[in-house]
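> below is the sequence, then the predicted model.
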Amino acid sequence: MMSALRNQKVRGILFQILTVIGLVAFLWYIGSNTMHNIEQRGIKTGFEFLDSTAGFGIDETPIAYTETDTHGRVFLVGLSNTLIIGFVGIIFSTILGLIIGVLRLSNNWLIRKMAATYIDIFRNIPILLQILFWYNVVLKSLPVPKKSLEFAGDIFLNNRGLYFPQPDLNSTTISILVSLGIAIISIIFLNRWANKKQENTGEDFPVFITGICMLIVFPILAYFIGGANFNFDIPALKGFNYRGGKSISPEFLALTFSLVIYTATFIAEAVRSGIEAVSKGQKEAAASIGLTQFQALKLVILPQAIRIAIPPTINQYLNLIKNSSLATAIGYPEIVTLFSGTSLNQVGQAIEIIAMTMLVYLTISLVVSALLNWFNHKMKIKER
Amino acid sequence: MAVYEQKAVKKAPSNSKGVIHWLKSNLFSTPLNVAMTLLGLAILFWIIPPFVQWAYTDANFSGETRSDCTGDGACWVFVKMKLDLFMYGFYPQEELWRLKSVLGLFVVQLFAFKFFKSIKHKFISFSIYLIIAFILINGGIFGLEIVPTDKWGGLMLTIVVAVVGIVFSFPIGIIVAFGRASNLPIIRSVCVTYIEFIRGVPLITILFMSSVILPLFFPEGITFDKLLRALIGITLFQAAYVAEIIRGGLQSISTGQYEAADAIGLSYWQKMLLVILPQALKVAIPNLVGAFISLFQDTTLVLIIGLFDLLAMVRITAADSTWLGMETEGYVFVTIVFWAFCYGMSRYSNKLEKQFNTNLK
């Protein structure tokens, strides 16, 4: 008996059985307590509440919503707002992060130091503090609607938000959108074709410049094809506030600014470490075989830098989406504010609601990590 | 016959050294660089003078009431008058000496760290310090009055949350990391589930869970106060991140080390604690400091579940009707405090990273 206990395999199995027993006992304990407590307090269980009327209004609804809609609909509104803030935040933080990361390596001393200072300042201030600062200090100190700041004549900024003209959805607008889509798709194919051509013949094709030309020329052509008829809905001061056009709430602005500024510092560091990780020998080798500076960047340095910079960047995207839940502190109606906040207060079924909220974030992070694995696999150095 | 004449010796070009050369090569080397430098200077000029004017030149420093705020700039009188609230929250005035002595003991503790050479002694002295600090802050024995946790607040609460989070998440994180790296399938999958679950959701949902759902998990009669619930949530959250970082450290240890430990007949725990963990920690320390910086930043989230940390105190003091319109000063002050803590820690972690790098080579 004792000798069996000294066998590593036996001990391993025994230890695991004990863990399972302990875990089951713990789950059973909290499970039965929870059931008991729920019964005592008269809290309902199940997901019927999703079909009951919510009865409260929401300021920003990307999908149709009225007060008579259900809590299930509230969940969807919150989810879409979370996805919107995530999407906008990711795009702008990538742009800002790339710029700061490249400037951080500039050969201009002043610019280099300024980029470093930017990173050192903003990554060391808690994101919640930044959100509250933008919301309570910067945006609240903007003038009232009657004294709005004006930009380019038709864009107005005041303490109720940002207002700008929105083109009507007519043939011109649609054709421009379609032309942008076509341009992007054709650039992808052009890039594939150019890569293949380069591999086969060694000849280079200026994809970058052609691509930019396409992005400019296609919409201009489409503008005339579509009837050259923009009809803007211009915001105008009516009563106490602006009506018409497109408006962005101060909550959204504060959240976007702070998430972008905060996340960009981390992306900048990822970009920098990616570029710095490419050894000097690589650049020298590229120069010595006669590549131009641009070719060296495109063919030698960037492919290696991207491999290192992308995984941490994608992790930062995930962090950005998770941090967007802090919107609850300023009341931007995303999933935590709406569903884990307002709906929870009305319904009182904490377990179901918080579990659903967590599930949303878990799904997002599982999708993102699957994406990351796929990327790592694709980018793995192919050794021969 | 060719005549060779010695030419006059040329001076070294004046622009290869000195200030001018430095300016030329670092700021004005190409037209693009010139433009960037000018742009940079313009941005600095746009930000710094107005800020200095607001925060210093036009600011009020002396006085005691709102009416002393006469300048156009900041009114630091507000921060000065509310400093106790920012630092200690609603901790009773007559008991403040307890918090101050905790701070004083911390300085003593720092000297003790310099004095004690062995890690064991450092560990023991730090543990004793934590126990004394807890007794002083909480009270309850030695005739000290109990200060209920809803009176705790300000920077002191922020530090309490951060320290408790760090101290307790560390051992839990190590054990979970061991489980994650173990070759027992059930234990490994339990640990993987825990780590991936926690890392997949935002801290705020964990805090909601610990403040709303946790009380349901235990039989009636067992109650946790609000602070304890937040601490449980933060510790469980942080433990997953610590575990993942230590796992990274464990992975960097070669199998030879495991085999060598097995070969000299160490038990599993002896092997892990005496051979593997010390090496893994050394690799993981810079990342651990990074995780603790983000924990320190994350402590601000407790205000959402109704605790009065440093950031929450700004919102409360700014709502004081005798001090209306002082929000900016409060936020700037708190920003500087948080920034100083986090920047200090990140500098420290850079230093550690360099130190350990040279050791490895």
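Cool, got the structure.

> next one: the strand or helix carrying B:I186 to chain centre, how far?
Using DSSP states H and E, B:I186 maps to helix B:185-200. Averaged C-alpha coordinates place helix B:185-200 at 26 Å from its chain's average position (C-alpha atoms, centre = their mean, to the nearest Å).

> please report phi then psi for the closest residue to B:A55 other than its chain neighbours.
In space, B:A55 comes closest to B:A74 once its chain neighbours are excluded; the distance is 5.3 Å by C-beta to C-beta, 6 or more residues apart in numbering or on different chains. Heads up, the C-betas are built off the backbone N, CA and C, glycines and all. Dihedral pair for B:A74: phi -70, psi 160, per degrees, to the nearest 10.

> now stretch A:216-229: buried residues?
By neighbour count, and taking 16 or more other C-beta atoms under 10 Å in any protein chain shown as the criterion, the buried residues in stretch A:216-229 are A:F218, A:P219, A:A222, A:Y223, A:G226.

> taking these one by one, which sit in helices?
A:F218, A:P219, A:A222, A:Y223 (DSSP state H).

> among those, which pair sits farthest apart?
Put simply, by C-beta to C-beta the two of those set farthest apart are A:F218 and A:Y223, 9.7 Å from each other.

> what mean pLDDT does stretch A:189-197 get?
The pLDDT scores in stretch A:189-197 average 88.

> buried stuff in it?
The neighbour-count check on stretch A:189-197 (16+ other C-beta under 10 Å) flags A:A194 as buried.

> and A:A4, what pLDDT?
Residue-level confidence at A:A4 comes out at 68, pLDDT.

> how about the helices in the stretch 201-350 of chain A?
In order along the chain, the stretch 201-350 of chain A carries the following helices (DSSP state H, counting those that start in this stretch): A:207-225, A:250-277, A:280-288, A:293-295, A:302-323, A:335-337, A:344-347, A:350-379.

> TSV for those, including mean pLDDT and distance to B:L301?
Rendered in TSV, the data for the helices of the stretch 201-350 of chain A read as follows (pLDDT from 0 to 100; distance: least, C-beta to C-beta, whole Å):
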stretch	mean pLDDT	distance to B:L301
helix A:207-225	83	41
helix A:250-277	91	14
helix A:280-288	89	43
helix A:293-295	78	46
helix A:302-323	88	10
helix A:335-337	89	11
helix A:344-347	83	17
helix A:350-379	87	15
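
> wasn't A:G153 part of a strand?
No - per DSSP: H, G, I helix; E, B strand; the rest coil, A:G153 lies outside any strand segment and is coil.

> next to chain B, which bits of the stretch 51-200 of chain A? Give me the list.
Within the stretch 51-200 of chain A, the positions adjacent to chain B are A:106-111, A:114, A:120-121, A:123-129, A:132-133, A:136-137, A:140-141 by C-beta under 8 Å from any C-beta of the partner chain.

> how deep is the closest residue to A:N33 other than its chain neighbours tucked in, by neighbour count?
Excluding the flanking residues, the one nearest A:N33 by C-beta to C-beta, 6+ apart is B:P219, at 5.3 Å. Using other C-beta atoms under 10 Å in any protein chain shown as the criterion, B:P219 is surrounded by 11 other residues.

> tell me who's in contact with B:T322.
Contact criterion C-beta atoms under 8 Å, 6 or more residues apart in numbering or on different chains gives B:T65, B:R66 as the residues in contact with B:T322.

> isn't there a helix covering it?
Yes - the secondary structure assignment for B:T322 places it in a helix, going by three-state DSSP.

> that one and B:F86, how far apart?
Taken as C-beta to C-beta, to the nearest Å, the spacing of B:T322 relative to B:F86 amounts to 16 Å.

> how about A:S186?
Distance of A:S186 to B:F86, given as C-beta to C-beta: 59 Å.

> same question for B:I124.
Distance check for B:I124 against B:F86: by C-beta to C-beta, it reads 33 Å.

> kindly report the same for B:I232.
When B:I232 is compared with B:F86 (using C-beta to C-beta), they lie 26 Å apart.

> got any ranges where the stretch 101-250 of chain A has weak pLDDT?
By pLDDT under 70, the weakly predicted segments of the stretch 101-250 of chain A are A:239-240.

> which residues of it fall in strands?
Taking DSSP state E, counting those that start in this stretch as the criterion, the stretch 101-250 of chain A carries its strands at A:149-151, A:155-158, A:161-164, A:166-167, A:232-233, A:236-238, A:241-243, A:246-248.

> A:S186 and B:F86: which is more packed in?
B:F86 (20 against 14).

> my read is that the residue nearest to A:N33 contacts A:S32, right?
No - taking contacts as C-beta atoms under 8 Å, B:P219 lies outside contact range of A:S32: 9.1 Å.

> I'd assumed B:Q53 was in contact with the residue nearest to B:A55.
No - using C-beta under 8 Å, B:A74 is not in contact with B:Q53, being 9.8 Å away.

> ok, these two, which is more surrounded?
Applying other C-beta under 10 Å to B:A74 and B:Q53 shows that B:A74 carries more neighbours, namely 23 against 15.

> okay, the more buried one and B:V160: tell me how far apart.
In this view, B:A74 and B:V160 are 29 Å apart by C-beta to C-beta.

> for the strands of the stretch 101-250 of chain A, which one ends up most surrounded?
Mean neighbour count (mean count of other C-beta atoms under 10 Å in any protein chain shown) peaks for strand A:161-164 among the strands of the stretch 101-250 of chain A, with a mean of 22.
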